[in-house]
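K.L.:
coords below, sequence missing:
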């Protein structure tokens with residue numbers, strides 16, 4: 001694929017997901033979006049599988065004021081279910097604000113979408129390309145594309161025009177404790193703080209550092225420093241505890257078997273116990289001792 005053609009694919013977004021222009025049903029054609037028409041709000045319904053779940057009430061209120069002053073500048077996009085029902089593909093905030101503003105109808109583009117699966121794909125990619133989504137919402141969207149559609153990071157990277165590392169960093173946020181995820185969604189700490197906290201596996205310690213970030217208003221750099229310190233401390237304590245366990249276990253086995261014992265751990269954490277016996281009779285004697 002030439003560089004020019006590749007750039008074109010990366011920039012198409014939804015079109016790249018739904019297919020090439022050779023597919024008249026699923027491709028995004030400009031001719032279908034030139035004209036919009038007024039559609040009664042009573043006929044418009046929210047997509048039940050809408051990936052966006054967090055709507056800022058303040059932003060909605062500001063949008064209501066704008067709509068009352070200027071009306072709907074950008075039509076929403078819907079798909080037709082039947083003559084009396086249209087389902088939102090994109091523009092739910094404008095729809096919500098229009099209802100609050102007591103409008104009877106709003107301008108809409110109608111897009112042909114054959115299945116609920118394609119609708120969800122469109123909604124997912126459309127949402128993740130927005131600049132006002134919170135990091136956790138974006139992470140959940142990427143996760144759905146991976147789990148529900150078996151799309152790998154390379155494919156998602158092309159669809160949304162983001163680097164693979166960027167997508168991975170978002171998805172890793174879902175390893176955080178739910179309390180911290182809520183903190184990121186509510187803007188109490190940034191994605192940078194979250195990326196630092198991911199390196200702490202102990203959820204209780206995550207929460208402890210999270211509370212410190214909030215109370216002391218720590219920067220990302222300060223948080224990273226604390227995390228590095230705690231990782232070193234945890235690692236040292238862990239190694240110390242493991243060493244004690246191995247020494248204690250070795251001593252007890254050697255006393256039990258009255259023989260030299262070796263304990264080894266492989267990269268998967270499996271432990272092998274090795275014992276040397278002088279003869280089969282000695283082994284038999286030890287087995288009798290254990291059974292008694």
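P.N.:
That came through, no problem. Nothing here was measured: the structure is a model prediction, and the numbers come from that model.

K.L.:
could you chop the chain up by domain?
P.N.:
Domains of the chain are assigned by automatic domain parsing as 3-171, 248-291.

K.L.:
hmm, residue 78 is touching residue 87, no?
P.N.:
Yes - here residue 78 lies in contact with residue 87, judged by Cβ atoms under 8 Å, at a distance of 6.1 Å. Glycine gets a C-beta too; all of them are placed from N, C-alpha and C.

K.L.:
quickly list what's touching both of these two.
P.N.:
The contact sets of residue 78 and residue 87 overlap at residue 44 (Cβ atoms under 8 Å, 6 or more residues apart in numbering).

K.L.:
more neighbours, the two?
P.N.:
residue 78 (25 against 19; other Cβ atoms under 10 Å).

K.L.:
mind listing the strands for the stretch 151-292 of the chain?
P.N.:
With strands called from DSSP state E, counting those that start in this stretch, the stretch 151-292 of the chain shows them at 261-265, 271-275.

K.L.:
which strands or helices does the last one pack on?
P.N.:
Read that as strand 271-275. Applying 3 or more Cβ pairs under 8 Å, 6 or more residues apart in numbering; DSSP states H and E, we find strand 271-275 packed against helix 220-257, strand 261-265.

K.L.:
what's residue 286 in contact with, if anything?
P.N.:
Contacts for residue 286 (Cβ under 8 Å, 6+ apart) come out as 256-259, 277.

K.L.:
at 7 Å what do you get?
P.N.:
By Cβ atoms under 7 Å, 6 or more residues apart in numbering, the contact set of residue 286 is residue 257.

K.L.:
one more: residue 154?
P.N.:
Contacts of residue 154 (Cβ under 7 Å, 6+ apart): residue 164.

K.L.:
any idea how far residue 74 is from it?
P.N.:
Distance of residue 154 to residue 74, given as Cβ to Cβ, to the nearest Å: 32 Å.

K.L.:
quick check: phi and psi at residue 259.
P.N.:
When quoted as degrees, to the nearest 10, the phi and psi of residue 259 stand at phi -160, psi 160.

K.L.:
excluding its backbone neighbours, what's nearest it?
P.N.:
residue 275 (5.5 Å; Cβ to Cβ, 6 or more residues apart in numbering).

K.L.:
same thing with residue 289?
P.N.:
Using Cβ to Cβ, 6+ apart, the nearest residue to residue 289 is residue 256, at 7.7 Å.

K.L.:
burial count for the one you found?
P.N.:
Neighbour count of residue 256, defined by other Cβ under 10 Å: 13.

K.L.:
what of the one 3 residues further on?
P.N.:
Other residues lying near residue 259 total 15 when counted by other Cβ under 10 Å.

K.L.:
mind listing what it touches?
P.N.:
Here residue 259 is in contact with 275-277 (Cβ under 7 Å, 6+ apart).

K.L.:
was I right about residue 200 contacting residue 210?
P.N.:
No - taking Cβ atoms under 7 Å as the definition, residue 200 is not a contact partner of residue 210, at 9.6 Å.

K.L.:
which one of the two is surrounded by more residues?
P.N.:
When neighbours are counted by other Cβ under 10 Å, residue 210 comes out ahead of the other of residue 200 and residue 210, with 24 against 21.

K.L.:
separation between the more buried one and residue 100?
P.N.:
35 Å.

K.L.:
next one: residue 80
P.N.:
In this view, residue 80 and residue 100 are 25 Å apart by Cβ to Cβ.

K.L.:
comparing these two, which residue is more hemmed in?
P.N.:
The residue with more neighbours, out of residue 80 and residue 100, is residue 80; 16 against 13, by other Cβ under 10 Å.

K.L.:
show me what the helix or strand hosting the more buried one is packed against.
P.N.:
Under the criterion of DSSP states H and E, residue 80 resides in strand 76-82. Packed against strand 76-82 by the contact rule (3 or more Cβ pairs under 7 Å, 6 or more residues apart in numbering; DSSP states H and E) you find strand 85-90, strand 105-110.

K.L.:
thanks a lot, see you next time.
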